[in-house]
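> After the sequence you'll find the predicted model.
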Amino acid sequence: MKGFEPSSYGDSFADVYDTWYGDVSDVSQTVATLRELGGDGPFLELGVGTGRLALELVQAGARVTGIDSSTAMLDRLRANVLERISGEGHPIEIIHGDMVVDLPSRTFPVVFIAYNTFFSLGSIEAQRRLFVEVARRLTPGGQFVIEAAIPDVERPAGDTVRVRSLEVDRVVLSVDVHDPTSQIVEGQFVEITQAQGVRLRPWRIRYCTVDEIDSLAASAGFVVRHRWENMHRDPFGADSASHVTVYSLRGTSP
């Protein structure tokens, strides 16, 4: 998509993200599973966004560092902190930057990337490099948690147009184009309101199968420690629509 940058998604969705995606997954169960893996942290969240998960982790007693490329998302995160958490200081360390090249130099027992954010890395090269960079940021026995959907590899090439929501004075259309050769889907949410006209919210993903993610992980020295269907740790199987995979470096144990 011409003109699409790493920050484009966040800058376009920050004002509606909490409303549209606040309940996209079970936050309390995600926090419970992450804390079982990493205790009080510190955790490093890649693509922290508005703090959907980071805020709940902090309120549960954990320490969190979050990185995001979108200024608008991080501004919303700071506003959410002020609204939900009292006390002096900022309970979440916020880093404005690229999740591949701008990671902090210190190490963490758990690094996680939630709800398809891994797919926001626009190329297989960036996805491969992320594993390399995360490997350098894990404490001995540290774990890297990825939550992602299982892509429909049978979906044909081409475009689709769907209605996301419909109200008397507002309609949101979802428009996307799929290229199965590159495994890239590009799209727009086209929001049309009677009062404000048209608002475009662009997005772009480069999806991966589970086997492909495992291969990228293995090339950076990772092995699979756990794989579940979701954060409830339901068994993963052939019919699962999503997966939560916990990786650790080969030769280490959590």
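Structure's in. What do you need?

> contacts and neighbour counts: CA atoms only from here.
OK.

> So which other helices or strands are in contact with the biggest strand by length in the chain?
Criterion DSSP state E: the longest strand present in the chain is strand 138-149. When contacts are defined as 3 or more CA pairs under 8 Å, 6 or more residues apart in numbering; DSSP states H and E, strand 138-149 packs onto strand 108-113, strand 242-249.

> got the angle between the first one and strand 138-149?
An angle of 20 degrees separates the directions of strand 108-113 and strand 138-149 when computed by axes from the mean of the first three to the mean of the last three CA atoms, to 10 degrees.

> For strand 108-113, list the C-alpha coordinates in PDB.
This file holds the C-alpha atoms of strand 108-113, laid out as PDB (Å, rounded to 0.1, in the frame of the first residue of the first chain):
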ATOM      1  CA  PHE A 108      13.600  -9.600  30.400                       C
ATOM      2  CA  PRO A 109      12.300 -13.000  31.600                       C
ATOM      3  CA  VAL A 110       9.200 -12.700  29.300                       C
ATOM      4  CA  VAL A 111       8.800 -10.800  26.000                       C
ATOM      5  CA  PHE A 112       5.400 -11.000  24.400                       C
ATOM      6  CA  ILE A 113       3.600  -9.900  21.300                       C
END
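
> Could you pull out the buried residues of it?
By 16 or more other CA atoms under 10 Å, the buried positions in strand 108-113 come out as 108-113.

> Columns pLDDT and distance to residue 45 on top of these, output as CSV?
Shown next, in CSV, are these (pLDDT from 0 to 100; distance: CA to CA, whole Å):
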residue, pLDDT, distance to residue 45
108, 98, 10
109, 98, 12
110, 98, 9
111, 98, 6
112, 98, 5
113, 98, 6
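
> coming back round to it: now render the helices and strands packed on strand 138-149 as TSV, adding distance to residue 125.
As requested, those are exported to TSV (distance: least, CA to CA, whole Å):
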stretch	distance to residue 125
strand 108-113	17
strand 242-249	19
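
> Of all those strands, which one is nearest residue 22?
Proximity to residue 22 (CA to CA) singles out strand 108-113 among these, at 15.9 Å.

> for the stretch 51-200 of the chain, which spans come out with low pLDDT?
86-90 (pLDDT under 70).

> Skip the chain neighbours and tell me the closest residue to residue 62.
Excluding the flanking residues, the one nearest residue 62 by CA to CA, 6 or more residues apart in numbering is residue 40, at 4.1 Å.

> just checking, the one you found touches residue 63?
Yes. If you go by CA atoms under 8 Å, residue 40 and residue 63 touch, sitting 6.1 Å apart.

> what does the longest strand of the chain contact?
Strand 138-149 is contacted from outside by 37, 107-119, 134, 230, 241-249, 252-254, using CA atoms under 8 Å, 6 or more residues apart in numbering.

> repeat for stretch 101-108
When contacts are defined by CA under 8 Å, 6+ apart, stretch 101-108 is touched by residues 41-44, 67, 97, 133, 136-139, 142.

> Would you mind listing which of these are buried?
41-44, 67, 97, 133, 137-138, 142.

> roughly how far apart are residue 110 and residue 37?
In this view, residue 110 and residue 37 are 7 Å apart by CA to CA, to the nearest Å.

> How about the contacts made by residue 109?
38, 41-43, 138-143.

> Sorry, wrong one. I was asking about residue 114.
Under the contact definition (CA under 8 Å, 6+ apart), the residues listed for residue 114 are 46-47, 145-148.

> and which of the residues you listed is nearest to residue 4?
Nearest to residue 4 among those: residue 47, at 16.9 Å, using CA to CA.

> The contacts of strand 138-149, buried ones only, as a ChimeraX selection?
The ChimeraX command for the buried members of those (criterion: 16+ other CA under 10 Å) is given here:
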select :37,107,108,109,110,111,112,113,114,115,116,117,118,119,134,230,242,243,244,245,246,247,248,249
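
> Grab the nearest non-local neighbour of the residue positioned nearest the centre of the chain.
Nearest residue to the geometric centre of the chain (CA atoms, centre = their mean): residue 117, 2.7 Å. The shortest distance from residue 117 to any non-neighbouring residue, by CA to CA, 6+ apart, is to residue 47 (6.6 Å).

> All set, thanks.
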